[in-house]
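K.L.:
here is my input, please return the structure:
(one chain, ligands or ions: 3)
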Amino acid sequence: MKQKWTVEQISQLFALPFNELLFQAHTVYRQHHEVGKLQLSSLLNIKTGACPEDCAYCPQSGHYSTGIEKEKLMSVEDIVAKAKLAREKGATRFCMGAAWRNPPAKHMPKIVEIIKAIKALGMETCMTLGMLSDEQVDTLQDAGLDYYNHNLDTSPEFYKKIISTRTYDERIDTLTKVDAAGIKMCCGGIMGMGESRDDRVQFLYQLASLPQLPQSVPINRLVPIKGTPLEAAPQIDNIEFIRTIAVARIMFPTSYVRLSAGRETMSDEMHALCFFAGANSIFWGDKLLMTKNPENEHDWQLLNKLDMNPVLSSQAKQQQAEHNSTVGS
Ligand code: SAM
Ligand code: DTB
Ligand code: SF4
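P.N.:
Ligands and ions are numbered 1, 2, ... in the order given. Next comes the predicted model:
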């Protein structure tokens, strides 16, 4: 049974002396996870821009001029080709995002085809397509979708300052449907949009109040996008960000806590502290949806330095073995 958290308890975790918080988070991490084991997810934007929603952080909202090129839903072949590349580089989960308020009915058969094709590659599938109807949730479940990403992003109060075109309750409604259909929930948020610590506390409280704890919790640091209302948002303090990862680990002991957008602004040392605090998943590959992610080469060096143990696709393991035998011969 999941632990019932109170707002007060979550505030108290945030207020712990930093080393005490990290110690507690690391202890929870060790109780539930193999130390150093890291899950790798790759991202692909399968439909770009012209989104009717006005999310103040997003380069793909049609409300702002961010200079991106709009693109229709990609072809199944092109998506599969990208997934194969991600698999070769080691990723075991392929996450696909679409700039939709909700998926148009006419595209659902293609979405089903995409899920089946990616699963046939032996990868886990995750999609983020906006709000879903009951019927669409069932369609995704029948197709075998593993995870649905739908973020609460921040506290209910602060949400109103960030998005006006949908409500927090609509978000919770889609998540509830996803969970009821047996699709795993990937649900997290963005830190550094100008929210207060209380907002971060309320956000985590809301995540913990979902019908079930989300199996995957992406913690993004805002990537400020020129042309959006948040283009000049001051960066969240590094230590406060690490605290958020640590509190998330304590509250979601068995979930993947993913160090998500914003890693480009994080030093090796900051990555190390986030992993110590219990982050056990990252986005892997040089692009997120629209913005840059660290290059694989740099991530490899970092993971080697930290003796992390990424869970690799079998294709990447084979390539590595071949590489090692050539180097050794
Ligand atoms: N349209 C769908 C939706 O919003 O649910 C899916 C795509 S949307 C881009 C997925 C998530 O990306 C958002 O909920 C947000 O957490 C994250 N995101 C978008 N822009 C971001 C940015 N500039 N910095 C950090 N995270 C961002
Ligand atoms: C999530 O929480 N972060 C990912 C994924 N879910 C879809 C998206 C990050 C997007 C960062 C900005 C961009 O590249 O567009
Ligand atoms: Fe961007 Fe998704 Fe908001 Fe659309 S709904 S503006 S794609 S975050």
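K.L.:
state the mean pLDDT of stretch 106-116.
P.N.:
Averaging the model's pLDDT scores along stretch 106-116 yields 96.
K.L.:
stretch 288-297 now?
P.N.:
Mean pLDDT, computed over stretch 288-297, is 89.
K.L.:
what's that stretch in contact with?
P.N.:
For stretch 288-297, the surrounding residues in contact (C-beta atoms under 8 Å, 6 or more residues apart in numbering) are 43-45, 48, 59-60, 68, 89-90, 97, 223, 225, 260-261, 263-264, 283-287, 302. The way it works is simple: take the backbone N, C-alpha and C, and place the C-beta from them, glycine included.
K.L.:
that one and ligand 1, are they touching?
P.N.:
Yes. Applying C-beta under 6 Å from any ligand atom, one finds stretch 288-297 in contact with ligand 1 at Leu289.
K.L.:
what is the burial count for Gly122?
P.N.:
By the other C-beta atoms under 10 Å criterion, the neighbourhood of Gly122 contains 11 residues.
K.L.:
now Ile46: which helix or strand?
P.N.:
Using DSSP states H and E, Ile46 sits in strand 37-47.
K.L.:
that strand: how far from the chain's middle?
P.N.:
The chain centre lies 8 Å from the centre of strand 37-47; the measure is C-alpha atoms, centre = their mean, to the nearest Å.
K.L.:
cool, and stretch 217-231?
P.N.:
A distance of 13 Å separates the C-alpha centroid of stretch 217-231 from that of its chain, computed with C-alpha atoms, centre = their mean.
K.L.:
quick one: mean pLDDT for that stretch?
P.N.:
With pLDDT averaged residue by residue, stretch 217-231 scores 96.
K.L.:
then stretch 52-72?
P.N.:
The model assigns stretch 52-72 a mean pLDDT of 93.
K.L.:
near ligand 1 at all, the strand or helix carrying Lys160?
P.N.:
Here Lys160 is covered by helix 156-162, with elements defined by DSSP H and E. No. Counting by C-beta under 6 Å from any ligand atom, ligand 1 has no neighbours in helix 156-162; the shortest distance is 10.0 Å.
K.L.:
for that helix, which residues meet the burial criterion?
P.N.:
Judged by neighbour count (16 or more other C-beta atoms under 10 Å), helix 156-162 contains these buried residues: Pro156, Phe158, Tyr159, Ile162.
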